[in-house]
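>>> pasting the sequence and the predicted coordinates here, then a few questions.
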Amino acid sequence: MAPDTIVLVHGFWVTPRSWENWITHYESKGLRVVAPGYPGFEVEVEALNADTTPILDLTVPKIIAHYEEVIRGLDAPPIIIGHSAGGAFTQILLDHGLGAAGVAMNSAPTEGVRVVPLTQVKSTFPVLKSPANRHRAVPLTFEEWQYAFTNTFTEEEGRALYERYAIPANGGILWGSVLANFQPGHQDTWVDYSNDDRAPLLFVSGSEDHIMPPAVQESNLRHYKSATVTERKEYEGYAHLLPAQKGWERIADEVLDWALRHAG
């Protein structure tokens with residue numbers, strides 16, 4: 001039986017609100033859509049900007065445990081679609097045996113991916129410029145947001161999305177993802193790249209993404225050695241905030257079609 005539920009996993013510097021168009025789009029097709037926030041993100045963007053305590057309290061294990069609880073409470077394995085850091089979390093959830101199929105859009109890398117394009121260095125510099133940011137919730141200025149998230153949008157479009165979606169990100173998690181490749185043992189973003197039992201996975205890249213460029217997803221893809229379907233598709237002209245860029249409906253439909261065709 002084909003999956004009838006989609007779980008949407010958001011990334012950093014945004015909340016589930018960033019999926020608002022996709023929720024409406026998929027629900028109009030008769031699908032059930034679940035878009036949980038991270039633990040403590042039950043409040044809206046404005047509240048998280050006013051009080052960043054829930055952001056500071058986040059850890060990757062807490063986020064994964066939260067999504068695992070939501071997904072295990074569903075009647076059947078869903079399609080899991082994650083964006084940015086949500087793409088890395090989608091990979092981890094699939095590796096943990098959850099989901100019928102997964103889509104990792106403009107995905108952050110899981111442990112072991114060492115490609116670091118220059119645009120990514122510039123995009124993450126607001127956090128990584130100071131080790132003290134490991135203990136802070138770090139916001140982006142509009143100019144930093146426009147470079148990292150909406151570089152193919154007009155300034156007016158980028159600013160409207162910044163005002164509607166942007167929140168600070170947990171600096172500790174971002175620092176942890178960088179250091180993961182230099183510390184012994186499995187870190188928070190580790191996945192078993194040889195896991196033959198996980199559900200099929202599609203990477204989606206935006207060709208103009210600055211913070212998670214296509215080279216990151218291509219490297220991530222090449223780490224997978226299992227026999228399970230693992231593919232990548234690239235969309236020309238799309239920035240990091242692909243789910244909000246003009247033409248997103250076609251991408252939403254195509255990744256859904258892929259997931260339904262490959263769902264195990």
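It's in.
>>> any low-confidence regions in this structure?
The model of the chain has no residue with pLDDT under 70.
>>> cutoff 90 now
1, 176-187, 264 (pLDDT under 90).
>>> and the strands in it?
5-9, 32-34, 79-83, 101-105, 137-138, 169-170, 201-206, 230-235 (DSSP state E).
>>> dump these into CSV; add distance to D253 as well.
All C-beta atoms are positioned from the backbone trio N, CA, C, and that covers glycine. Formatted as CSV, those follow (distance: least, C-beta to C-beta, whole Å):
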stretch, distance to D253
strand 5-9, 12
strand 32-34, 14
strand 79-83, 12
strand 101-105, 12
strand 137-138, 35
strand 169-170, 30
strand 201-206, 13
strand 230-235, 13
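>>> Q183 is nearest to which of the ones you listed?
Q183 sits nearest to strand 169-170 of all these, at 18.1 Å, using C-beta to C-beta.
>>> what helices or strands is that closest one leaning on?
Here strand 169-170 touches helix 53-56, strand 137-138, going by 3 or more C-beta pairs under 8 Å, 6 or more residues apart in numbering; DSSP states H and E.
>>> could you dump the strands of the chain to a markdown table with distance to V60 and mean neighbour count?
Shown next, in a markdown table, are these (distance: least, C-beta to C-beta, whole Å; neighbours: other C-beta atoms under 10 Å):
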| stretch | distance to V60 | mean neighbour count |
| --- | --- | --- |
| strand 5-9 | 12 | 25 |
| strand 32-34 | 20 | 17 |
| strand 79-83 | 13 | 29 |
| strand 101-105 | 15 | 29 |
| strand 137-138 | 16 | 22 |
| strand 169-170 | 9 | 26 |
| strand 201-206 | 19 | 25 |
| strand 230-235 | 22 | 17 |
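>>> quick one: the residue nearest to G264 when sequence neighbours are not counted from T119, how far?
In space, G264 comes closest to A199 once its chain neighbours are excluded; the distance is 5.3 Å by C-beta to C-beta, 6 or more residues apart in numbering. Distance, A199 to T119, using C-beta to C-beta, to the nearest Å: 31 Å.
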